[in-house]
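Asker: show me the folded form of this:
(one chain, ligands or ions: 1)
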Amino acid sequence: MQPVFKTRITELYGIRLPVIASGLMWLATPEYVGAAVNAGLMGFMTAASFKNVDALRAGIQRCREITGGKPFGVNIMIRTSRDGTDRVTPLIDAVIDEGVRFVETAGHNPEAYIKRFKDAGIKVLHKVPGVRYAKKAESLGVDAVTVVGAEAGGHPGVEPVGTMVAAVAAARAIKIPLIVAGGIGTGDQLVAALALGADGVAMGTRFLVSEEVWADRRYKERLVKAGETDTTLLLQSMRNTQRALKTEHVSMIQQIEKDQAGDTAALLPHIMGTHAHAAYTTGDYEKAMLSCGQGVVFADKIEPFAAIVDRIEAEARATLTRLDSLHAQSAAGK
Ligand SMILES: Cc1cc2nc3c(=O)[nH]c(=O)nc-3n(C[C@H](O)[C@H](O)[C@H](O)COP(=O)(O)O)c2cc1C
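Answerer: Numbering: from 1, shown residues only. The predicted structure follows:
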């Protein structure tokens, strides 16, 4: 079947559908990213999920085996650690050495690393939670930008703006290829995002129920049952807003934020990533803060990654047909 779309994002990555499987802490493994790439998308393995740089290198090699050499990407969180150790450069060294061609950066400003990526021929997609950061990223010379809206799982920004607004505002503000994310999980939304001026979409939450995500089935079954009101924002008091699944652990954190406003030290033991890893392992989701977006309402079945992508593509085709039928000229028989 002919691809449905040709956009600057399908061209940049050489992919069938303009859809990105964005980095997921602990979960965007070689198996997951390999499945995304084999289904015709671009996927990013999360470097921070590997216990050290050697494990990341092994993960890159494993992903290459799964994709049969088709390109894939690595997600690198740009951050400055409290003790001043540079934890980003060793990851970049590994990515360059291993011949990875695509990187998704997130977090802080990637300026210090752009030249190294460019010299190595790596295309950089920088992810931001707002239009002004998108403009900044464009000025730094990144190849494409992802703008995430308020509905997104993970970090929707300190001042979350709905994806519908963020998409158009970003499309009008920048010239480089634009990906939008946040609550997107269907082919109809993909078509809508392109109509708003984006070149593609990124999804995180929608893919959490794919068979290739290693997390315990009970967690995925919870997601299948979840609706659009089953997530909440927290950690606004740390200026580190997150959207996560409503769980007992999350309610406890929100209570601390209320009762001990401004006491970051009281929060820190409860927001460590190890809680999430344990919950994914055991399936006891109530005991952790697990990033999750409002688009969880579309994660309605545990199935292979490729089956989810087939559905998204079929929905996109059906939406285009529907739009065509709504077009005044075609409705009048032309
Ligand atoms: C479980 C989960 C873990 C995530 N971990 C990361 C991460 O480690 N790095 C990152 O850049 N983004 C991370 N994100 C954000 C996603 O890459 C993506 O931006 C977001 O999921 C898009 O919004 P959506 O969830 O509405 O699809 C995570 C999201 C989820 C749901």
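
Asker: phi, psi of the residue lying closest to Ala28 once chain neighbours are set aside?
Answerer: Leaving out its chain neighbours, the residue that sits closest to Ala28 by Cβ to Cβ, 6 or more residues apart in numbering is Thr46, at 4.3 Å. All C-beta atoms are positioned from the backbone trio N, CA, C, and that covers glycine. Note on Thr46: its backbone torsions stand at phi -90, psi 110 [degrees, to the nearest 10].

Asker: correct me, but Thr46 touches Asn75?
Answerer: Yes: look at Thr46 against Asn75 with Cβ atoms under 8 Å: they come within range, at 4.7 Å.

Asker: the more surrounded of these two?
Answerer: Asn75 (27 against 24; other Cβ atoms under 10 Å).

Asker: and the more buried one, helix, strand or coil?
Answerer: strand (DSSP: H, G, I helix; E, B strand; the rest coil).

Asker: contacting residues for the nearest residue to it once chain neighbours are set aside?
Answerer: Spatially, and ignoring its direct neighbours in sequence, Asn75 is nearest to Gly23 (2.7 Å; Cβ to Cβ, 6+ apart). Neighbour list for Gly23: Phe44, Met45, Thr46, Asn75, Met77, Glu104, Ala106, Gly204 [criterion: Cβ atoms under 8 Å, 6 or more residues apart in numbering].

Asker: sorry, back to before: what sits against the residue nearest to Ala28?
Answerer: Gly23, Leu24, Met25, Trp26, Leu27, Ala28, Val74, Asn75.

Asker: you'd agree the second one is up against Gly204?
Answerer: When you say that, I think you mean Leu24. Yes: contact status for Leu24 versus Gly204: in contact at 5.7 Å, counting by Cβ under 8 Å.

Asker: wait, which of the contacts of Gly23 is closest to Gly84?
Answerer: Nearest to Gly84 among the contacts of Gly23: Met77, at 16.6 Å, using Cβ to Cβ.

Asker: and that closest one, what's its pLDDT?
Answerer: Per-residue confidence at Met77 stands at 97 (pLDDT).

Asker: and the nearest residue to it once chain neighbours are set aside, how many neighbours?
Answerer: Of all residues not flanking Met77 in the chain, Gly107 sits nearest, at 4.6 Å (Cβ to Cβ, 6+ apart). Neighbour count of Gly107, defined by other Cβ under 10 Å: 17.

Asker: residues contacting the closest residue to the ligand within the chain?
Answerer: In the chain, no residue comes nearer to the ligand than Gly204, which is 2.0 Å away by Cβ to the nearest ligand atom. Taking Cβ under 8 Å, 6+ apart, we find Gly204 in contact with Ala21, Ser22, Gly23, Leu24, Ala152, Gly153, Gly154, Ala181, Ser291, Gly293.

Asker: before we move on, back to that, common neighbours of Thr46 and Asn75, please.
Answerer: Going by Cβ under 8 Å, 6+ apart, residues that sit against Thr46 and also against Asn75 are Gly23, Ala28.

Asker: how about the residues of the protein that lie near the ligand?
Answerer: 22-25, 27, 46, 48, 75, 77, 106, 127, 148, 151-154, 181-184, 202-206, 291-293, 295 (Cβ under 6 Å from any ligand atom).

Asker: strands - which of those residues land there?
Answerer: Per DSSP state E, strands hold the following members of the residues of the chain next to the ligand: Thr46, Asn75, Met77, Ala106, Lys127, Val148, Ala181, Ala202, Met203.

Asker: how about those residues, which pair is most distant?
Answerer: Maximum distance among those (Cβ to Cβ): 18.7 Å, for Met77 and Met203.

Asker: among those two, which residue is more densely surrounded?
Answerer: For Met77 versus Met203, neighbours defined as other Cβ under 10 Å are more numerous around Met203 (30 against 18).

Asker: so what sits opposite that one in the bridge?
Answerer: Note on Met203: beta-bridge partners Ala21, judged by DSSP bridges.

Asker: what's the distance between it and Leu17?
Answerer: 11 Å (Cβ to Cβ, to the nearest Å).

Asker: swap in Glu65?
Answerer: From Glu65 to Leu17 the distance is 23 Å (Cβ to Cβ).

Asker: give the contact list for the closest residue to Gly182 other than its chain neighbours.
Answerer: Excluding the flanking residues, the one nearest Gly182 by Cβ to Cβ, 6+ apart is Gly149, at 3.2 Å. Residues near Gly149 by Cβ under 8 Å, 6+ apart: 156, 160-167, 180-183.

Asker: would you write a PyMOL line that selects the buried entries of the residues you listed?
Answerer: If you want just the buried ones from these in PyMOL, going by 16 or more other Cβ atoms under 10 Å, the selection is:
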select buried, resi 156+160+161+163+164+166+167+180+181+182+183
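
Asker: lovely, talk soon.
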